[in-house]
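Visitor: Requesting a structural model of the entry that follows:
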Amino acid sequence: MKLAIFGATGRTGQHLVQQALEAKHEVVVLVRTPSKLTIQNPGLSVIQGDIQDAAKVEQTIKGSDAVFSVLGPTSNTPEYQTTKGTKNILDAMKKQGVRKLVISAGAGVGDPYDEPKLFNKFINILLKLAARYVYEDMLQVVDLVRESDMDWVIVRVPMLTDAPATGSIKIGYVGKGMGPRISRADMATFMLKQLNDNTYLRQAPAISN
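Guide: Numbers count the residues shown, from 1 in each chain. Model prediction:
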């Protein structure tokens, strides 16, 4: 399959790209600084640009079977760049007739199936105080995706680690079967699995090790 991946130069994004290529998918990425992407593979196409450029976003998505985004705010400022970029992604998918979208978000972005415990609520309050605009940006991203008519999956994660893949992934919701951390490698594996698995279609599971 041909996959468009946004956020490819990040620590999670590099795992996602590498695993997709190892699975023999064709991968197209949009990156501001191509030199940050150290992966080289005949199946990888790199487009230089920014998610704020709607034309470049559409170029990246054109001809794809699915879109993956591990984008996240890079600063705690009220520009809401990730929200604007996600709107470009959704618009381009609609124009190009691409339906499958898998994105990541922090577990602090809530879901109706969550049953947060006192500790979860405390952490969420701290998050809103310490990183208000980061939180609001991702909340808007998730709302945009939920309101779309795409075949979406929102993969929510706790603290990310650079530990090796464990192959052991717990799937639950905040307060219900969710651990405190997950490795980026395992997160990438779960996201890619959503290509051919509709178990969590239009849902937002929270995963952990």
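
Visitor: Would you map the strands across this protein?
Guide: Along the chain, counting by DSSP state E, strands occupy 2-6, 26-31, 44-48, 66-69, 100-106, 151-157, 159-161, 170-172, 181-183, 206-208.

Visitor: Ala131 is nearest to which of the ones you listed?
Guide: Using CB to CB as the measure, strand 100-106 is the one of these that comes nearest Ala131, at 9.6 Å. For the C-beta atoms, the positions are set from N, CA and C on the backbone; glycine is no exception.

Visitor: Who are the packing partners of that closest one?
Guide: strand 66-69, helix 81-96, helix 132-147, strand 151-157, helix 184-193 (3 or more CB pairs under 8 Å, 6 or more residues apart in numbering; DSSP states H and E).

Visitor: related to what we said a few turns ago, redo the strands of the chain as a markdown table? Include mean pLDDT, mean neighbour count and distance to Ile89.
Guide: Below are the strands of the chain laid out as a markdown table (pLDDT from 0 to 100; neighbours: other CB atoms under 10 Å; distance: least, CB to CB, whole Å):
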| stretch | mean pLDDT | mean neighbour count | distance to Ile89 |
| --- | --- | --- | --- |
| strand 2-6 | 98 | 24 | 7 |
| strand 26-31 | 98 | 23 | 10 |
| strand 44-48 | 98 | 15 | 14 |
| strand 66-69 | 98 | 26 | 6 |
| strand 100-106 | 97 | 24 | 8 |
| strand 151-157 | 98 | 22 | 11 |
| strand 159-161 | 95 | 14 | 22 |
| strand 170-172 | 96 | 15 | 25 |
| strand 181-183 | 97 | 20 | 24 |
| strand 206-208 | 97 | 25 | 22 |
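
Visitor: So which of those strands is nearest Tyr135?
Guide: Comparing these under CB to CB, the one sitting nearest is strand 100-106, at 7.9 Å.

Visitor: follow-up on the earlier one: rebuild the strands of the chain as JSON lines, extending it with distance to Pro116.
Guide: Shown next, in JSON lines, are the strands of the chain (distance: least, CB to CB, whole Å):
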{"stretch": "strand 2-6", "distance to Pro116": "29"}
{"stretch": "strand 26-31", "distance to Pro116": "35"}
{"stretch": "strand 44-48", "distance to Pro116": "39"}
{"stretch": "strand 66-69", "distance to Pro116": "25"}
{"stretch": "strand 100-106", "distance to Pro116": "13"}
{"stretch": "strand 151-157", "distance to Pro116": "12"}
{"stretch": "strand 159-161", "distance to Pro116": "16"}
{"stretch": "strand 170-172", "distance to Pro116": "12"}
{"stretch": "strand 181-183", "distance to Pro116": "17"}
{"stretch": "strand 206-208", "distance to Pro116": "11"}
